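Student: based on what follows, work out the 3D shape:
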Amino acid sequence: MFDINGKYQASIFGNFTDISPNSENIIKILSLFKEENYIPSTIQEISQIASGNAHRVQLITNDREWHINFLTNRIDIEKNPIDSKGNNLGKIEDFTNYSVKTFEKILLEFNKKSSRFSLVTSGLLKEISSEKLDCIYCKLFNQIKFYEDNPPFEWNFRTVSKIKKELLGSQENYNIISSINRLQGIFSSQSESYNFDRIEVQFDINTTHENQETRFELKHIDEFMKQAVSIRADLIEEFKEYLDV
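Tutor: A predicted model of the protein is given here:
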């Protein structure tokens with residue numbers, strides 16, 4: 001479905017306040033990833049309690065393909081495109097398998113559990129004609145007369161549904177968020193730059209925030225990611241058929 005891959009991000013939520021950027025924690029974290037090419041850094045997190053920003057631990061690779069962010073209430077693993085097509089992102093299953101193993105290392109080292117999970121992905125569809133872009137808009141929106149007379153060249157279509165899923169014996173609510181957006185901009189590389197006008201598709205699949213108890217164990221992360229990948233695959237097939245792309 002995707003011509004250009006945007007980003008993969010897997011997250012777990014919990015209380016990670018004590019994984020602060022001190023020398024002891026940095027040594028522990030680097031020892032977990034001594035076989036990988038991560039560089040320790042810090043990231044600013046906007047504090048919702050205290051004024052100002054908090055500095056948190058971040059690991060990045062030299063080419064900035066991988067980021068691991070140790071925020072106060074969540075840990076994010078991101079894989080970012082390093083070429084014009086994002087081909088380095090690879091299969092979503094490989095990303096989630098790596099993320100599960102990485103989360104397990106961290107949670108075991110710091111004796112933590114988690115309360116929520118999420119998987120977020122994005123990408124751009126192949127180039128299509130302006131007429132087809134307008135047709136997709138008409139499929140998604142019941143527009144007013146003004147926009148019939150003046151078709152928009154950028155738009156956002158976001159839907160959020162809640163479903164109940166069994167997660168290893170526990171009944172959990174999942175948010176299923178899909179965003180279809182028409183974007184215009186400029187692609188730039190070392191050799192060229194050119195304008196684009198494309199459809200972006202984003203998926204955010206996560207367990208809801210109502211239950212903040214840190215009840216999930218390592219096995220739940222793996223099962224959630226498998227379920228999220230399956231849900232994402234089903235959504236992609238339905239959107240491909242409905243949008244005819």
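Student: let me know the secondary structure of the residue nearest the centre of the chain.
Tutor: When the chain is reduced to its mean C-alpha position, the nearest residue by Cα atoms, centre = their mean turns out to be residue 120, at 2.5 Å. Reducing the assignment at residue 120 to three states with DSSP: H, G, I helix; E, B strand; the rest coil gives strand.
Student: what's the single longest strand in this structure?
Tutor: Criterion DSSP state E: the longest strand present in the chain is strand 170-188.
Student: in that one, what's buried?
Tutor: Neighbour counts using 16 or more other Cβ atoms under 10 Å place 172, 174-178, 180-182 of strand 170-188 among the buried residues. (Each C-beta comes from the backbone N, C-alpha and C, glycine too.)
Student: what do you get for stretch 30-48?
Tutor: Residues of stretch 30-48 classed as buried under the neighbour-count rule (16+ other Cβ under 10 Å) are 32-33, 38, 43, 45.
Student: just checking, which of the residues you listed comes out lowest on pLDDT?
Tutor: On pLDDT alone, residue 45 ranks lowest of the buried residues of stretch 30-48, at 92.
Student: in terms of secondary structure, what does the helix or strand where residue 235 lies contact?
Tutor: Under the criterion of DSSP states H and E, residue 235 resides in helix 218-243. Using 3 or more Cβ pairs under 8 Å, 6 or more residues apart in numbering; DSSP states H and E as the contact criterion, the neighbours of helix 218-243 among helices and strands are helix 92-110, strand 116-124, helix 130-140, strand 155-167, strand 170-188, strand 193-207.
Student: now do it against strand 155-167, angle only.
Tutor: Here helix 218-243 runs at an angle of 140 degrees relative to strand 155-167 (axes from the mean of the first three to the mean of the last three Cα atoms, to 10 degrees).
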